[in-house]
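In: coordinates only, no sequence provided:
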Ligand code: ADP
């Protein structure tokens, strides 16, 4: 384990609140109302994607921490310190939590930038999203209600909405503070929560755990256990955890569904995507090109809904490709804190190597590299925008999620062919459609087998709008009322009212 002295100090002028998180000897767990290091004393390195420097250590959780967190969460659930707290009081606590996150907006933005390479200007928006999500779910405890169905008159039955119990939330690294949305939905439903953030990004999860306590969320109701995939695996296997909400890769999602079956866990999965952007010849090509570019360059392609297959009608294909290549070549690649950066780093050296390997695969498959990635400089994990033309839909670069700034341009001839190509992939998370033909827009929204369709826009979201996929993109929805529903079950309470 490296000592604090051996760590690199970051070359940025960051807020005291952010420094207070990552300058700790170890960024710890939050279990049973207190910040803890690991019983084993083990920790893992945290790297700044913009420089490749190790600047912090995260506590490496193990079975001791998982046991402690589950015990604490279960105790809190059973004694009802949160579950049975009057709804209006729960709402006040959650609104206070949102306020504390808003007060720490700068710190959250900075933490996500040094942890995940999120562009400085964007980090604050993720914090805003988290605040909006918590405020939204904070409004629910007083609005949850059941029904009283008609049954024979000597009986009464109430269908009561109740929390499912202890919930494990396992999350990826690509928008660390945004996980507050899932946590808020689970808490608003009255559950006890254990968050296992990605090992690449322990910082903002730690602060989310600490601020929840400060807001008045009782000890044990929201725990954070840091660490690698094994910690997530231990939560999935634990008989004391009632539900797992997972966001991440398809392979891990399938492993979780399978392992969770042993204890009949409720599981919701938000997995990856290979989302198509369909550009019809009647579209405003300038707007379509701008939309297709932001769909894949946003967060350097590290977004589940990245528009990684761009399907363009053959009559405008060459013009579109030229435009996209010329404009993408101008994008400024650089560190998250550098002035003018438009494309930030990838999250890790491993992710950079993965993206680079797909560029080789694409060339070997015979696609044309119309815009080659610029060589990555410095110690950061940089990968320039990359465009492949002449891509066939059966190529691996058209079928597999790369999670990086690689655009695959595919031509199509007819509307039916466009839908067939769009759907001919194992994923079904989202799709974008660019057309000025209203009927076509409606036809497209019906033809595309995905969880979200954006028409003449892309990647808008709102806390009230459910988000999730079909096929290998998973099941269950996050955000909106549907997310809340997934953290509740219906209890039927029968009463004998009188003797008939
Ligand atoms: P990616 O980083 O490509 O999204 P994963 O889907 O594996 O990769 O990671 C998402 C989250 O799942 C992380 O928090 C990771 O630690 C966790 N995780 C990885 N493997 C497992 C597993 N077998 N069981 C539970 N959680 C896991």
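Out: Structure's in. What do you need? Please read these numbers as outputs of a predicted model, since none were measured by experiment.
In: tell me the residues of the stretch 251-400 of the chain that contact the ligand?
Out: 252, 255, 256 (CB under 6 Å from any ligand atom). (Each C-beta comes from the backbone N, C-alpha and C, glycine too.)
In: the first one against residue 246, yeah?
Out: Yes - in this structure, residue 252 sits in contact with residue 246. The criterion is CB atoms under 8 Å, and the distance is 7.3 Å.
In: of those two, who's got more company?
Out: Shown here are residue 252 and residue 246; by other CB atoms under 10 Å, residue 246 has more neighbours (28 against 19).
In: show the backbone phi and psi for the spatially closest residue to that one that is not a sequence neighbour.
Out: Distances taken as CB to CB, 6 or more residues apart in numbering place residue 170 nearest to residue 246, at 4.7 Å, with adjacent residues excluded. When read as degrees, to the nearest 10, the backbone of residue 170 gives phi -110, psi 120.
In: what sits in contact with each of residue 252 and residue 246?
Out: residue 232 (CB atoms under 8 Å, 6 or more residues apart in numbering).
In: can you pull the contacts of residue 11?
Out: residue 51.
In: any idea how far residue 48 is from it?
Out: Between residue 11 and residue 48 the computed distance is 9 Å (CB to CB, to the nearest Å).
In: and this protein, which residues reach the ligand?
Out: So the chain meets the ligand at 170-172, 196, 198-199, 228-229, 232-233, 236, 248-249, 252, 255-256 (CB under 6 Å from any ligand atom).
In: just the buried residues of those.
Out: 170-172, 196, 198-199, 228, 232-233, 236, 248, 252, 255-256 (16 or more other CB atoms under 10 Å).
In: columns secondary structure and pLDDT on top of the residues you listed, output as TSV?
Out: Converted to TSV, these look like this (DSSP: H, G, I helix; E, B strand; the rest coil; pLDDT from 0 to 100):
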residue	secondary structure	pLDDT
170	strand	98
171	coil	98
172	coil	97
196	strand	98
198	coil	98
199	coil	98
228	coil	97
232	helix	98
233	helix	98
236	helix	98
248	coil	96
252	helix	98
255	helix	98
256	helix	98
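In: per-residue confidence for the residue of the stretch 351-500 of the chain found nearest the ligand?
Out: For the stretch 351-500 of the chain and the ligand, the shortest gap (CB to the nearest ligand atom) falls at residue 403, measuring 6.8 Å. On the pLDDT scale, residue 403 is placed at 97.
In: tally of neighbours for it?
Out: Residue 403, neighbours per other CB under 10 Å, totals 25.
In: the one 4 residues further on now?
Out: Residues lying near residue 407 (other CB under 10 Å) number 30.
In: repeat that for residue 294.
Out: Residue 294: 12 neighbours (other CB under 10 Å).
In: re the thing from before, separation between the residue nearest to residue 246 and residue 220?
Out: 19 Å.
In: low pLDDT regions in this protein?
Out: 1-5, 376-377 (pLDDT under 70).
In: domain-wise, how is it divided?
Out: Domains of the chain are assigned by automatic domain parsing as 4-271+476-489, 276-462.
In: just send those back as TSV, with distance to residue 496 too.
Out: Supplementary listing: these in TSV, determined by distance: least, CB to CB, whole Å:
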stretch	distance to residue 496
domain 4-271+476-489	6
domain 276-462	45
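In: residues touching residue 81, list them.
Out: Residue 81 touches 218, 220, 221, counting by CB under 8 Å, 6+ apart.
In: and it, backbone torsions?
Out: phi -60, psi -20.
In: go on, residue 459?
Out: Dihedral angles (degrees, to the nearest 10) for residue 459: phi 60, psi 20.
In: give me the number of residues near the nearest residue to it once chain neighbours are set aside?
Out: Distances taken as CB to CB, 6+ apart put residue 305 closest to residue 459, at 5.8 Å, once the chain neighbours are dropped. Residue 305: 24 surrounding residues under other CB under 10 Å.
In: helix or strand for residue 305, which one?
Out: Per DSSP states H and E: residue 305 is located in neither a helix nor a strand.
In: which strands and helices sit next to the longest helix along the chain?
Out: Across the chain, the helix with the greatest residue count (assigned by DSSP state H) is helix 120-138. Applying 3 or more CB pairs under 8 Å, 6 or more residues apart in numbering; DSSP states H and E, one finds that helix 120-138 makes contact with helix 87-103, helix 105-116, helix 180-188.
In: just how off-centre is the helix or strand just after it within its chain?
Out: Heading C-terminal from helix 120-138, the first helix or strand you meet, by DSSP H and E, is strand 155-163. Relative to its parent chain, strand 155-163 has a centroid offset of 33 Å by CA atoms, centre = their mean, to the nearest Å.
In: which of the residues of the stretch 251-400 of the chain next to the ligand lies closest to residue 78?
Out: Among these, residue 256 lies closest to residue 78 (CB to CB), at 25.4 Å.
In: contacts only, for that closest one.
Out: Contacts for residue 256 (CB under 8 Å, 6+ apart) come out as 170, 232, 236, 244, 246, 267, 269.
In: ok, now which ones touch the closest residue to residue 365 other than its chain neighbours?
Out: Nearest residue to residue 365, sequence neighbours excluded (CB to CB, 6+ apart): residue 395, at 4.5 Å. Applying CB under 8 Å, 6+ apart, we find residue 395 in contact with 362, 365, 366, 367, 408.
In: can you name the residues bridging to the last one?
Out: In this case it means residue 408. For residue 408, the beta-bridge partners under DSSP bridges are residue 309, residue 388.
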